[in-house]
Structures are given as structure tokens and as C-alpha cells.
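Asker: Any chance you could fold what I've pasted below:
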Amino acid sequence: MPSFDFEQEERAFRKYYDSNRQHFETAKNAYVSLITACLKQCDGDAVSKIEGRVKDKEECIKKFDRKYRGRLEADEQPYEIRTYISDLIGIRIICLYEDRIASVAQLLTQSFKLIEVTNKIAAIESTEDSFGYKGLHMDLALPDELAAQSKYLAFANCPFEVQIRSLIQDAWSVLDHEIKYKKSIPIELKRRINVLSALFELADREFKEIRNATTALIEQATAAPVSDSVSERSEEGVAASTPASEKIVNAFNFLRVAGHFFKEFDFEDDKVDDFVQDILRLDANFTRADLHQSLLENLKIIRDYRDDFIANNPERIFTPYSSIRHCLYLNDPETFNKILSKGARERFDIWSANKRP
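Answerer: Got it, this is the predicted structure:
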């Protein structure tokens, strides 16, 4: 029964919490699984992490004391503490980018019963000079059709809170939590905290812009022809339609060209980046057209060499990266002398000399 006696309600809440602790844990795990399945509909880069927790019982009591007790007792309204703890079960969803938060929230709204939304992002962004924790909090419950199923029936009256944050917002939240007693610290320290939180907000925005620019570069490289036109590669350089900086080989146009010749191979992003840097260290002006020409003119020879090499060394591998390195060396041995190790270079030179008519 609700009462006005805080100590009595503390005892009642602790008893309720302790007797249902395992139930809360089971519900939390079920919600994490349901939300994970729900968010598989999102874009691949939308969600970085989904995790859950059961709120500590003493934290629950402190939250009630801080947020609700004074008002309820002033209004002479009896209460039970558990009625006011909507985040006893909490799920945190970390998005890579801030602009993914809205699409995640929309999917959750479609899949669960929405009780309440607290938009801390809008609250901060509606001011001119306030910075700090930003995130979207949603109080949710199971929809009727799920709550009626036998496997979820026990959780029908067990709401939960979902916090949706970007990776940067989550980092700020963790750090901000460590800065205690913010209302009591000197004004100069408060200003430093505001500057720091503004930098975090700027970082969130910049990561999003970098992602958009990278996506545009990938789309541009995918849409572009595998090789430049003859006019773009002419010695006179007349009327080149692509700026010089865009002709230089990079990870994006390398994938476009290499993917054309090695359709079945999965080029990993970080390895491509390193490989392109190896090329540019030897020839800073090496272009996409140079790469295409090198593979077009030399790959047949290198495939013959690869077949002989593997036949004589069945325990060894010869990847597309190996093929491209050998094509570059064969095309321009002076410039790309170091693209192959000394042993690989000597083996290929001997094979090549023996193959000549």
C-alpha cells in the first residue's frame, strides 16, 4: 500500500527489488535480444553497440528522493517508490553518428509501446550557449502482441528505458559523470567544462561530415570509368576532365580498378589504405590510369608466373596484392624496385629471364 512514510517505502522497495532481481536480469536480456533483432533493419553503420543493465537499488532510491519525494510529500500524495522508477531496466544503444539516432528511435517506436520520450538533444540544441550531455531517452514497454506470448508474459508489466546516444555523446557522458559537484565548482572551471562539451559536439558534427564526404568519394569512384579516357592520359594533358588531385591513386579508385580485375576477392579497407600508401611512397604522382594500364598490360604474364610459383611452392599463397605488386614492378622496375621484397624480386627476374624467347 502506498504511504507517506519514506523509511517504510524504502524498506518495501528494497524487499521488492531483492525478490525480483533475477527477474529484472532476465527481462533485461530479453529486451536486449528483441532490440538487437529489431535494429538489424538499420544501415550497417547505424549502431555500434547495444547493452543493458539493471539499475542499482540504492541508486533507484536516491533518484526517487531527488526527483519525486519532495513534490509528493508537499502535495500529501502517498507513494510507492517502484512506481516512479521507469529506468530500473535500462538499455543503451550507441550509434556511430548522431544523425542515426532518429532512425533508431523510429524503429523502436514501431516495434514497442512508447510511454514517454525525453529529448535531451533538442533541449540542448534549442539554446544558444548551452552544451552538455545529449541523448534521446525513451520509456518503452512490450507491445500487446508480444506481451501475450508465453515467453514474454512475465515481462508484460515491466517497462524499460532506452538511451540512444552517438559514440561521441556516450564518451562525453562517461567523462562528464566523473566531474563531480558541478554546481559548486568555480565559474572558471564551469567555463572550461562548457568549452570541452562544445568540442565534443563539434567532433560529433565533423565525424558525420567526414562520413558523408567519404561516402561521396566512394560513390564517385564507383560511378567513374575503370580507366581514364585517352585525352586525360595524353602527354599534353589537353582538356583533362578530372582535376589532377582526383587522378592520383587513392583507396577509393584503387578499389574500383582492382575490383574490376579481381572480382572475387574481398579487398579489406585498412589493407587497401596501407597498400596505396606503399605505392605513393614510391611514386607520389601515380594515377588511377597508371594502375589500370599496369594491370591491363602485365596481368596475363603475372598470372602465368603465379601458376608456376604455386605449382613449385604449393604451401605458399599468391594473393591479388602479390599480383598487383608484380605488375607494378614489371611495368616500371626502376620506380617500383622496392614494391617487392628482395627474394620475390630475384625469383621473378629469374623466371622472367628464362621465359624470354
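Asker: can you give me the strands in the stretch 1-150 of the chain?
Answerer: For the stretch 1-150 of the chain, the strands defined by DSSP state E, counting those that start in this stretch cover 47-54, 89-95, 113-119, 136-141.
Asker: The second one: partners in the sheet, and parallel or antiparallel?
Answerer: Okay, so that is strand 89-95. Using DSSP bridges, strand 89-95 pairs in its sheet with strand 47-54 (antiparallel), strand 160-166 (parallel).
Asker: chain center to the longest one: distance?
Answerer: Mean-position distance between strand 47-54 and its chain equals 14 Å (Cα atoms, centre = their mean, to the nearest Å).
Asker: How about residues contacting it?
Answerer: 21, 24-25, 28-29, 31-32, 35-36, 39, 88-96, 100, 104, 167 (Cβ atoms under 8 Å, 6 or more residues apart in numbering). Using the backbone N, CA and C atoms, a C-beta is placed for each residue, glycine as well.
Asker: now the stretch 1-150 of the chain, which segments are flagged as low pLDDT?
Answerer: By pLDDT under 70, the low-scoring segments of the stretch 1-150 of the chain are 44-45, 120-134.
Asker: out of the strands of the stretch 1-150 of the chain, which comes closest to residue 331?
Answerer: Closest of these to residue 331 is strand 47-54, at 41.9 Å (criterion: Cβ to Cβ).
Asker: residues touching the residue positioned nearest the centre of the chain, list them.
Answerer: The chain has residue 96 as the residue nearest its centroid, 3.8 Å off, counting by Cα atoms, centre = their mean. Contact analysis of residue 96 by Cβ under 8 Å, 6+ apart lists 45-48, 166-167, 207.
Asker: likewise residue 107?
Answerer: By Cβ under 8 Å, 6+ apart, residue 107 lies in contact with 38-39, 41-42.
Asker: Restricted to buried residues, select the residues you listed in PyMOL.
Answerer: To isolate the buried subset of these in PyMOL, counting by 16 or more other Cβ atoms under 10 Å, use the following:
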select buried, resi 38+39+42
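Asker: Check for me that residue 351 belongs to a helix.
Answerer: Yes: under DSSP: H, G, I helix; E, B strand; the rest coil, residue 351 sits within a helix.
Asker: give me the number of residues near it?
Answerer: By other Cβ atoms under 10 Å, 15 other residues sit near residue 351.
Asker: ok, it - contacts?
Answerer: Contacts of residue 351 by Cβ under 8 Å, 6+ apart are 305, 308-309.
Asker: Just the buried ones among those residues, please.
Answerer: Buried members of those, scored by 16+ other Cβ under 10 Å, are 305, 309.
Asker: I'd like to know how many residues surround residue 89.
Answerer: Residue 89: 26 surrounding residues under other Cβ under 10 Å.
Asker: cool, and residue 313?
Answerer: 11.
Asker: Relative to residue 147, how far out is it?
Answerer: Here residue 313 is placed at a distance of 63 Å from residue 147 (Cβ to Cβ, to the nearest Å).
Asker: likewise residue 55?
Answerer: As defined by Cβ to Cβ, residue 55 lies at a distance of 22 Å from residue 147.
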